[in-house]
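Enquirer: sequence plus the predicted model coming up.
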Amino acid sequence: MKSSYKIAEFLQNHPEIKRVFHPALPSHPQHDIACKQSYGHSGIFSFVLKNHQNIENFLAHLKIFMKNEMLGSFESFMTRAENIDLLDSNEIMIISSIGLENVSDLIEDLKQALNFEPKI
């Protein structure tokens, strides 16, 4: 729970990220309701990259996050989700589930994948 919030905060402030959907963030439309109805928040949240064409590159360069769906697993994963009503037609959502890995290691993995530039 705490790790997912820290990661969501990091992503929300990253220049390559368009939106983060995590109810613990004050920017989430149902933040107040979520805080009233629950103690803590899930380790699962989603986000959208500014440039949807970079999604495959981003996912391919993650080193710690698994790329397949393993809900309920101890390992962190990320996967793409399409055709979500909340999104614009050219947006693709990334769903993430945060596991038990060190949060600093996960954030470093995200940083390197978001900033990866292929060698020419």
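Expert: It's in. Remember, it's a predicted structure, so these values are computed and weren't measured experimentally.

Enquirer: by average pLDDT, which secondary structure element in the chain comes out worst?
Expert: Within the chain, confidence by mean pLDDT, DSSP states H and E is lowest for helix 31-37 among all helices and strands, at a mean of 56.

Enquirer: next secondary structure after that one?
Expert: Following helix 31-37 in sequence order, the next helix or strand is strand 44-49 (DSSP states H and E).

Enquirer: what does the very next helix or strand once past that following strand rub up against?
Expert: Once the chain leaves strand 44-49, the next helix or strand it forms, by DSSP H and E, is helix 55-60. Under the criterion CB atoms under 8 Å, 6 or more residues apart in numbering, residues Leu49, Lys67, Met78, Thr79, Arg80, Ile92, Ile94, Ala113, Leu114, Phe116, Pro118 lie in contact with helix 55-60. From N, CA and C alone the C-beta is placed, and that goes for glycine too.

Enquirer: ok, which pair from those is furthest apart?
Expert: Spatial extent of the contacts of helix 55-60 (CB to CB) is set by the pair Thr79 and Pro118 at 22.3 Å.

Enquirer: compare the two (neighbour count), which wins?
Expert: Neighbours were counted for Thr79 and for Pro118 using other CB atoms under 10 Å; Thr79 has more, 17 against 6.

Enquirer: measure Ile107 to Ile64 for me?
Expert: Distance, Ile107 to Ile64, by CB to CB, to the nearest Å: 10 Å.

Enquirer: what lies in contact with stretch 12-32?
Expert: Counting by CB under 8 Å, 6+ apart, 4-5, 8-9, 11, 34-35, 41-42, 45-51, 54, 86, 91, 93, 110, 114-115 sit against stretch 12-32.
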